[in-house]
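S.K.: Quick one, structure for this:
(one chain, ligands or ions: 1)
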Amino acid sequence: MIATESLSKRFPRVTALDRLSVDVGPGVTGLVGANGAGKSTLIKILLGLSPATEGRAEVLGLDVATDGAAIRERVGYMPEHDCLPPDVSATEFVVHMARMSGLPATAARERTADTLRHVGLYEERYRPIGGYSTGMKQRVKLAQALVHDPQLVFLDEPTNGLDPVGRDEMLGLIRRIHTDFGISVLVTSHLLGELERTCDHVVVVDGGKLLRSSSTRDFTQTTTTLAIEVTDTDEHPDGTRAVRDALHARGVTVQDAGGLPGAGHILQLTAQGEDTYDLVRDVIADLGLGLVRMEQRRHQIAEVFKDDADGDAQRKEAVGHGN
Ligand SMILES: Nc1ncnc2c1ncn2[C@@H]1O[C@H](COP(=O)(O)OP(=O)(O)OP(=O)(O)O)[C@@H](O)[C@H]1O
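M.R.: Model prediction:
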């Protein structure tokens, strides 16, 4: 779908992309990086809207340097920033974008109705966009990216400004773009955890450089770490602590799952085979506590990213010490 080779973009004061070589196949791919990592710059180059300083890139087999118009015919784009006219309705705006993409009037109206329904805009679609919530505006931006039935869409920070429920809904919509319509997706985010659930593949960029590109499954392989969560009781108002103490007494080292959601109630330990499961079960039963969950932990993308970043920092430090 996308291939870049030593792609660089230098502005007078900053290198936004630094010899980036990456291949992206069909499916849903996350492009992850902190603000300023170079994600939007990459998308603009891939759409043929901004020339690279060095290197080359292809989208759907087309060269971004020479075939920009052909790429934009086949690729939808949802920009990061608010770019919607406030005084027209979603229907008027999306029909206009469909017509701009070359659809005849009737097809443009039909596709607009279908697409707005798909993104979850119903009666509101006849009201001026200026009165919409952030979530509704994001849906209009998504609809205009899909209306001409592209093969691929670039979604730049589609969850920006949304509350947790709005984020979940948007991530669900993104997943369905691929499963329902077979359209491949490149979606950017600065939140790694978000893309874990949505993407088949994740590309991590940092300071314009490629940090990692691999399937989500590779990022989130199961570990030998067990995560345990228990209830509290009147006798043991801090059930987590009671289990930790009881396991310690049996010579098992337990860690708190610092940094994870709800971490205060989760214990982690390294499984040494089936015996560990039995021991944990017995300890919890003896204490009379309820077991909420006991599961093998998977790596989270954020941890892999952190490991890579730590490794990078250590490498930099090592280089620094060597000098
Ligand atoms: N037109 C421009 N002129 C000068 N510098 C630019 C320009 N566009 C981007 N940059 C710089 O290039 C770097 C990468 O920006 P880019 O917008 O691609 O990052 P990003 O990963 O998309 O982050 P964000 O989500 O904050 O937009 C930043 O340091 C940015 O300030």
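
S.K.: Flag every residue of the stretch 101-250 of the chain that's near the ligand.
M.R.: E157 (CB under 6 Å from any ligand atom). To be clear about C-beta, it is placed using only N, CA and C from the backbone, and glycine gets the same treatment.

S.K.: Enumerate every residue touching P128.
M.R.: 86-89 (CB atoms under 8 Å, 6 or more residues apart in numbering).

S.K.: Check I228 too.
M.R.: Residues in contact with I228 (CB under 8 Å, 6+ apart) are 243, 266-269, 280, 284, 291, 293-294.

S.K.: now, among those, which is nearest to the ligand?
M.R.: I266 (31.5 Å; CB to the nearest ligand atom).

S.K.: re the thing from before, can you tell me which of the contacts of P128 has the most neighbours?
M.R.: S89 (19 neighbours; other CB atoms under 10 Å).

S.K.: Report the separation between that one and R117.
M.R.: Using CB to CB, to the nearest Å, one obtains 15 Å as the distance from S89 to R117.

S.K.: ranges for the helices of the stretch 51-200 of the chain?
M.R.: 68-74, 90-100, 105-118, 134-146, 164-181, 192-198 (DSSP state H, counting those that start in this stretch).

S.K.: Which of these has the highest mean neighbour count?
M.R.: helix 134-146 (a mean of 23; mean count of other CB atoms under 10 Å).

S.K.: The most centrally placed residue in the chain and V187: what is the separation?
M.R.: By CA atoms, centre = their mean, the mean C-alpha position of the chain lies nearest to L195, the distance being 2.5 Å. As judged by CB to CB, L195 and V187 stand 7 Å apart.

S.K.: Ok, T216 next?
M.R.: 12 Å.

S.K.: what does L279 give?
M.R.: L279 is 43 Å from V187, by CB to CB.

S.K.: what about those two, which has more around it?
M.R.: The residue with more neighbours, out of L279 and V187, is V187; 27 against 17, by other CB under 10 Å.

S.K.: Tell me what that one is bridged to.
M.R.: As for beta bridges, V187 partners with G30, L155 under DSSP bridges.

S.K.: on that earlier part again, can you tell me the closest non-neighbouring residue to the residue nearest to the centre of the chain?
M.R.: G30 (3.3 Å; CB to CB, 6 or more residues apart in numbering).
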